[in-house]
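K.L.:
I need the structure of the sequence given here:
(chains A and B)
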Protein chains: 2
Amino acid sequence: MPASPIRKLMPYANAAKAAGKHVFHLNIGQPDLPTPQHALDTLKQTKIETLAYSPSEGYASYREALAGYYATCDIQVNAEDILITTGGSEGINFAMMSCLDAGDGVIIPEPFYANYRGFSQAAGVIVQPITASIETGFALPPIAAFEEAIQENTKAILICNPSNPTGYLYSEEELLQLKEIVLKHDLYLIVDEVYREFTYDGKKHTSVLSLDGLEQHVIVIDSISKRYSACGARIGAMVTRNTEVRHAALKFAQARLSPPSLAQILGESLVSTPPSYLEDAITEYDKRRKLTVKRLQAMDGVTCPTPGGAFYVLVELPVDSTEKFCQWLLEEYDRDGKTLMMAPGSGFYSTPKIGDRQARIAYVLNEDDLNAAMDCLEAALKAYQSS
Amino acid sequence: MPASPIRKLMPYANAAKAAGKHVFHLNIGQPDLPTPQHALDTLKQTKIETLAYSPSEGYASYREALAGYYATCDIQVNAEDILITTGGSEGINFAMMSCLDAGDGVIIPEPFYANYRGFSQAAGVIVQPITASIETGFALPPIAAFEEAIQENTKAILICNPSNPTGYLYSEEELLQLKEIVLKHDLYLIVDEVYREFTYDGKKHTSVLSLDGLEQHVIVIDSISKRYSACGARIGAMVTRNTEVRHAALKFAQARLSPPSLAQILGESLVSTPPSYLEDAITEYDKRRKLTVKRLQAMDGVTCPTPGGAFYVLVELPVDSTEKFCQWLLEEYDRDGKTLMMAPGSGFYSTPKIGDRQARIAYVLNEDDLNAAMDCLEAALKAYQSS
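P.N.:
Numbering: from 1, shown residues only, chains lettered A, B, ... in the order given. Presented below is the predicted three-dimensional model:
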């Protein structure tokens, strides 16, 4: 695996910090909001004598509780349909390995979450990208693009909804279009829904698990990382009603023995987090989103679609290469001792060059810091263009 | 992946329990000893606001602490040589993926830990078994056997020391023999040392990390699961001085983002567990080992080598198929409402038939329960032979 553009920036970020610069980290989806304290307290109050393996598929009580959570999202699944994974990452890995053999192809609309490529490579699976365009705000590419991309070895379509890195929220209509393709070509539909709750402007998330007729096709990846600001727990889930896929995944789960026990206790308690926690989180992210988009859209030469979900925007900047610009920001630039770090767009594309002028911004800082980071970016763009 | 013989027994074990039988679980290496409470307390006292990702390679403070632990085992490594993994399982996975490409071969003396096969398959790596024999107590096969097994695609040798499933403790002489082969054929030597501390009869464990001249060849897999009865933590490590292997492994580590944060806090605190904890654990396991071996060696037709380490014995039973016998024990047999579960030997062999009459017994129960389980087994063998 080649190093991702964002990893290549790490040494420059470290050097910038060592030189005393303050770096605004807009490069990673690590929320700054607190993890619900009641769940951390539950873990502390849990009497543990021997920290034993959990079942490979996860604790039964946690899977039952999760089925209850899904019911509140209009998703009717049983505990048996849920496999607890070590983060959403392992869920993606299991889904790839269970649905596809080496040499099979998976269609992924690009830009896509960079690690999808890593997991594809590890599974020997070939990514067959189709390109979503910044002009349409990264909407689902037209059906014709899918039809064109489908080859004999194509076995699955993978999307992230709402999307990392674009923040695009797929509409029910778009998902119904996907459904048609999936049924016509008998494909698996793997959907990463870890940002399910984070939708804005009154838009509602539609889970592919709630679409009739796709029961044997749909595999959903989930995680507590973003929902409850608990990225370090490493607890996710793979949810499917397809027993064959589930049995295949269970074998991979058995090979790694079990998901983390401590974090499952946390996860089970998180299911009963009061709704106000997520309402507050969404209100907070929405404020940041509006601020970020407003600031970016006011900058000369910047293209910034308005995202409908998650906590990212993927923007086009008036520079030739955001890889170089992001490095320059860390290496050579500062404004009153401050600079910012973003994720270069090239890392989110399978096709070369398309993402070269784009960068992903995660609005995971408070409004004051976001404003300061946007001040930095605005001044930096001017300085960079005149340099 | 085909279901392992032990997984095939699970429904029978569940049915036996549902029917009210007490099942002695000698089938899994889940220690019953308590996890050091001081470390669980440290975790409880740790103030966590946002449970964030750790670095992909693990917390720096934990890696530093681990380097200190290794120094106490006569292993001189730096924190940089250590990659924290999600259990020893992920360490094996990373080592396979980092050292071998699809189609490469790895020599593993059989019987071997069943999940090595699963990870090999997932990596597209071909297991090239050489057979250790119960007659020699599962000692290292002669060098000639290695030379014969090595093919053009052979890139690595993998052993577990002390061994799961045999309990065999490799001597320094045997490791030096391995060293010669490794250097002669320029192979990687991957050693699973998760049972490092569990050695008996005054024998001492030799880590391959302490052998001169193998710095670029050795990858050690480690875990806190067995050492501290913390299987559910899912914290292990991959340790190597080979920077190329480490950089490759780091990319896989980055794809899964980070190892569990909560359990790393536990792991770091476990490093300062007083030596008496492990001394007591070893004393306890040694008593159980002696009891188990004595009881087994006294049974008609049973072959039971005396293991030098870990907490397993692999025995040969006077039955045609331990798969069938183990199923019968759960399905049809009981002695005063009690029966036992063992791991059929076939699961630990790549070569068909050799393990058919063998079974692995994990002596992870207290002496009273072990004695009762051995009473069961002794009576069951007689009943089975006359049935």
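
K.L.:
Please, where are all the strands along chain A?
P.N.:
For chain A, strands defined by DSSP state E occupy the ranges A:22-25, A:82-85, A:105-110, A:126-131, A:154-160, A:188-192, A:218-223, A:236-240, A:312-316, A:338-341, A:343-344, A:358-362.

K.L.:
between these, which gets nearest to B:C99?
P.N.:
Nearest to B:C99 among these is strand A:126-131 (23.9 Å), distances taken as CB to CB. C-beta coordinates here come from the backbone N, C-alpha and C atoms, glycine included.

K.L.:
before we move on, back to that, could you dump the strands of chain A to JSON lines with distance to B:A253?
P.N.:
JSON lines is the format used below for the strands of chain A (distance: least, CB to CB, whole Å):
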{"stretch": "strand A:22-25", "distance to B:A253": "20"}
{"stretch": "strand A:82-85", "distance to B:A253": "16"}
{"stretch": "strand A:105-110", "distance to B:A253": "22"}
{"stretch": "strand A:126-131", "distance to B:A253": "21"}
{"stretch": "strand A:154-160", "distance to B:A253": "22"}
{"stretch": "strand A:188-192", "distance to B:A253": "20"}
{"stretch": "strand A:218-223", "distance to B:A253": "18"}
{"stretch": "strand A:236-240", "distance to B:A253": "17"}
{"stretch": "strand A:312-316", "distance to B:A253": "23"}
{"stretch": "strand A:338-341", "distance to B:A253": "21"}
{"stretch": "strand A:343-344", "distance to B:A253": "18"}
{"stretch": "strand A:358-362", "distance to B:A253": "21"}
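
K.L.:
What I need now is these written out in JSON lines, including mean neighbour count and mean pLDDT for each item.
P.N.:
Below are these laid out as JSON lines (neighbours: other CB atoms under 10 Å in any protein chain shown; pLDDT from 0 to 100):
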{"stretch": "strand A:22-25", "mean neighbour count": "18", "mean pLDDT": "97"}
{"stretch": "strand A:82-85", "mean neighbour count": "27", "mean pLDDT": "98"}
{"stretch": "strand A:105-110", "mean neighbour count": "23", "mean pLDDT": "98"}
{"stretch": "strand A:126-131", "mean neighbour count": "18", "mean pLDDT": "97"}
{"stretch": "strand A:154-160", "mean neighbour count": "22", "mean pLDDT": "98"}
{"stretch": "strand A:188-192", "mean neighbour count": "25", "mean pLDDT": "98"}
{"stretch": "strand A:218-223", "mean neighbour count": "26", "mean pLDDT": "98"}
{"stretch": "strand A:236-240", "mean neighbour count": "27", "mean pLDDT": "98"}
{"stretch": "strand A:312-316", "mean neighbour count": "24", "mean pLDDT": "98"}
{"stretch": "strand A:338-341", "mean neighbour count": "23", "mean pLDDT": "97"}
{"stretch": "strand A:343-344", "mean neighbour count": "26", "mean pLDDT": "97"}
{"stretch": "strand A:358-362", "mean neighbour count": "26", "mean pLDDT": "98"}
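
K.L.:
Just send the ones you listed back as a markdown table, with distance to chain B too.
P.N.:
A markdown table is the format used below for those (distance: least, CB to the nearest CB, whole Å):
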| stretch | distance to chain B |
| --- | --- |
| strand A:22-25 | 11 |
| strand A:82-85 | 10 |
| strand A:105-110 | 15 |
| strand A:126-131 | 14 |
| strand A:154-160 | 15 |
| strand A:188-192 | 14 |
| strand A:218-223 | 10 |
| strand A:236-240 | 11 |
| strand A:312-316 | 16 |
| strand A:338-341 | 15 |
| strand A:343-344 | 13 |
| strand A:358-362 | 13 |
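
K.L.:
Enumerate the residues of the stretch 51-200 of chain A near chain B.
P.N.:
Residues of the stretch 51-200 of chain A lying close to chain B by CB under 8 Å from any CB of the partner chain are A:51-54, A:86-87, A:89-90, A:93, A:97, A:102, A:115, A:118-119, A:122, A:124.

K.L.:
Farthest-apart pair in those residues, please.
P.N.:
Across these, the longest distance by CB to CB is 36.0 Å; it joins A:L51 and A:A102.

K.L.:
Settle it for me: which of these two has more neighbours?
P.N.:
A:L51 (26 against 11; other CB atoms under 10 Å in any protein chain shown).

K.L.:
I figured that one hits B:K226, correct?
P.N.:
No: taking contacts as CB atoms under 8 Å, A:L51 lies outside contact range of B:K226: 12.0 Å.

K.L.:
got a list of what the residue nearest in space to the middle of chain A touches?
P.N.:
Nearest to the geometric centre of chain A sits A:N164, at 4.1 Å (CA atoms, centre = their mean). Counting by CB atoms under 8 Å, 6 or more residues apart in numbering or on different chains, A:N164 touches A:G29, A:Y113, A:D192, A:V194, A:Y195, A:A310, A:Y312.

K.L.:
min pLDDT across those residues, which one?
P.N.:
Across the set of the contacts of A:N164, A:G29 stands lowest in pLDDT, at 84.

K.L.:
List the contacts of the nearest residue to that residue once chain neighbours are set aside.
P.N.:
Spatial nearest neighbour of A:G29, chain neighbours left out: A:A362 (5.0 Å); criterion: CB to CB, 6 or more residues apart in numbering or on different chains. Residues counted as contacts of A:A362 (CB under 8 Å, 6+ apart) are A:L26, A:N27, A:I28, A:G29, A:Q30, A:F311, A:Y312, A:A343.

K.L.:
same thing but at 10 Å, please
P.N.:
A:A362 makes contacts with A:25-31, A:164-165, A:167, A:288, A:292, A:310-313, A:342-343, as judged by CB atoms under 10 Å, 6 or more residues apart in numbering or on different chains.

K.L.:
again with A:S261
P.N.:
A:46, A:48, A:51-54, A:58-59, B:230-234, B:260, B:262-263 are the contacts of A:S261 under CB under 10 Å, 6+ apart.

K.L.:
Kindly report the same for A:I130.
P.N.:
Residues near A:I130 by CB under 10 Å, 6+ apart: A:107-110, A:140-142, A:144-150, A:157, A:350-351.

K.L.:
Buried ones among the residues you listed?
P.N.:
Burial by neighbour count, 16 or more other CB atoms under 10 Å in any protein chain shown: within these this picks out A:I107, A:I108, A:P109, A:E110, A:L140, A:P141, A:F146, A:A149, A:I150, A:I157, A:S350.

K.L.:
Contact partners for the fourth one?
P.N.:
It stands for A:E110. A:116-117, A:127, A:129-132, A:138, A:141, A:165-166, A:348-351, A:354-355.

K.L.:
and if you look at the second one?
P.N.:
By CB under 10 Å, 6+ apart, A:I108 lies in contact with A:116-117, A:120, A:127-130, A:149, A:156-160, A:190, A:350.

K.L.:
biggest separation within the residues you listed, which pair?
P.N.:
The widest separation within the contacts of A:I108, taken as CB to CB, falls between A:A149 and A:C160 and amounts to 17.4 Å.

K.L.:
ok, so of the contacts of A:I108, who is nearest B:Y70?
P.N.:
Using CB to CB, the contacts of A:I108 come closest to B:Y70 at A:R117, 34.5 Å.
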